[in-house]
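1. predicted model and sequence follow; I will ask about them next.
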Amino acid sequence: MRELAFLSLDAPSADALARSPMERRLREAGADFEVRDGWLVAVRVPGEDRHSPAVRDVTHVLSRHDLGTVPGTVPPAAGLAALDVEGAGATTLLRRLTELDLETLPAVGALAHVRVWVLRRGEESYRLIFEQEYGHYLWEVVVDAAEPLGGGPVGTP
């Protein structure tokens, strides 16, 4: 390898990849990763086919448009992260973590003591958007709350 090969535009180095704040927890769960559009994305987690509600890291697909759907809010200046919670039991899970009215979404408020934008994506399907520095904490809280309901982490198809 040439001395400056790391500067090549042909293949991004592992250090140049964008990474989610939940990556470490997904690695601990045994996730398989692949590179997608410059992001390191968890694509499979052992046992994921048995998890409902499913907890999925979707930081790599997050857009400012998602936040634009929440009336009266200003997106934070800090970087953002996101989780999708979906499947049977997702509404029950969120009701255990927030006092937000899940019938009047989108909304912004406290979820596990962290300011979170909550969007409904469908029946029993929600997107949680939050400042990235809370990623590790919220991953732990949401996955822990999902486990008694039969849920847990899943990869991104």
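-> Thanks, I have the structure now. Numbers count the residues shown, from 1 in each chain.
2. quick check: residue 137 is in a helix.
-> Yes: assessed with DSSP: H, G, I helix; E, B strand; the rest coil, residue 137 lies in a helix.
3. OK, contacts around it?
-> For residue 137, the contacting residues are 112, 114, by CB atoms under 8 Å, 6 or more residues apart in numbering. C-beta: built from backbone N, CA, C; applies to glycine.
4. got a pLDDT number for it?
-> In this model, residue 137 is scored at 96, pLDDT.
5. ok, now which ones touch residue 29?
-> 45, 46, 152, 153.
6. quick one: the second one and residue 121, what's the gap?
-> The reference is to residue 46. To residue 121, residue 46 is 25 Å away according to CB to CB, to the nearest Å.
7. so in that sheet, which strands flank the longest strand belonging to the chain, and in what orientation?
-> Among the elements of type strand in the chain, defined by DSSP state E, the one spanning the most residues is strand 114-122. Strand 114-122 sits in its sheet next to strand 107-111 (antiparallel), strand 125-131 (antiparallel), going by DSSP bridges.
8. got the buried residues for that strand?
-> Counting neighbours by 16 or more other CB atoms under 10 Å, one finds that the buried residues in strand 114-122 are 114, 116, 117, 118, 119, 120.
9. give the next helix or strand downstream of the lowest-mean-pLDDT helix or strand in the chain.
-> In the chain, no helix or strand scores lower on mean pLDDT, DSSP states H and E than helix 64-68, which sits at a mean of 63. Sequence-wise, the next helix or strand downstream of helix 64-68 (DSSP states H and E) is strand 80-86.
10. let me know the pLDDT of residue 42.
-> So residue 42 comes in at 96 (pLDDT).
11. and among the strands paired with strand 114-122, the most buried is which?
-> Counting by mean count of other CB atoms under 10 Å, strand 125-131 has the highest mean neighbour count of the strands paired with strand 114-122, with a mean of 21.
12. mean confidence (pLDDT) on that strand, please.
-> Strand 125-131 comes out at a mean pLDDT of 94.
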